[in-house]
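[1] Okay, predicted coordinates and the sequence, questions at the end:
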Amino acid sequence: MSAEEPFEVEVEVVFVLNDGRSLRHVVVRPLQPIPNFTITDRTTLDGLPITAIEMPPRALHPDGSPRMDLLNFRLRNRPDCSRFQPGQRALLKGIQLHPWDKPPSSAHDP
């Protein structure tokens, strides 16, 4: 797969922020390593459109250290928040890998 092709990865929903006028976010944890990427106008989370990737949430591990493994996506439509629950697995599709990164490979390189 080249860096120009859309890439997908499975994620786990950690929490959903659906409060106030502007909060319609789903915070997820990738279930496999993801290279550096950007979202496109075709990026979806379980088939639902995403408008932006936001700053990582201020979440902590039980030992008090920051959780740097989380991604925070803003959904295009507020009602879509109700489709996600903590612990749910979802597919993040259509992300664009940066050209200097190589996607994770499951194949053994000779």
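    It's in. Residues are numbered from 1 along each chain as shown.
[2] alpha carbons only for contacts and neighbour counts from here, please
    Fine.
[3] can you pull the buried residues of stretch 31-50?
    I34, I39, T40, T43, T44, L45, L48, P49, I50 (16 or more other CA atoms under 10 Å).
[4] Now flag whichever of those is closest to Q85.
    Using CA to CA, L45 is the member of the buried residues of stretch 31-50 that sits closest to Q85, with 12.8 Å.
[5] so who does P49 touch?
    Neighbour list for P49: D41, R42, T43, L75, R76, N77 [criterion: CA atoms under 8 Å, 6 or more residues apart in numbering].
[6] surely the first one meets I53?
    Read it as D41. No. Between D41 and I53 there is no contact under CA atoms under 8 Å: 11.9 Å.
[7] In terms of pLDDT, where does the residue nearest in space to the middle of the chain sit?
    Per CA atoms, centre = their mean, the C-alpha nearest to the average position across the chain is that of L71, at 5.0 Å. Listed pLDDT for L71 reads 88.
[8] so who does it touch?
    By CA under 8 Å, 6+ apart, the contact set of L71 is V27, V28, R29, P30, I53, E54, M55, P56, P57.
[9] so which helix or strand takes in the fifth one?
    Right, the one you point to is I53. Per DSSP states H and E, I53 falls inside strand 48-54.
[10] Can I get the helix or strand following that strand as PDB, trimmed to CA atoms?
    Toward the C-terminal end, the helix or strand that comes next after strand 48-54 (DSSP H and E) is strand 71-75. Presented in PDB, the C-alpha positions along strand 71-75 are these (Å, rounded to 0.1, in the frame of the first residue of the first chain):
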ATOM      1  CA  LEU A  71      -7.200  10.200  19.300                       C
ATOM      2  CA  ASN A  72     -10.000  12.700  19.600                       C
ATOM      3  CA  PHE A  73     -12.300  13.000  16.500                       C
ATOM      4  CA  ARG A  74     -15.100  15.600  16.000                       C
ATOM      5  CA  LEU A  75     -18.000  14.000  14.200                       C
END
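[11] Any idea how far strand 71-75 is from the middle of the chain?
    Relative to the centre of its chain, strand 71-75 is centred 7 Å away, using CA atoms, centre = their mean, to the nearest Å.
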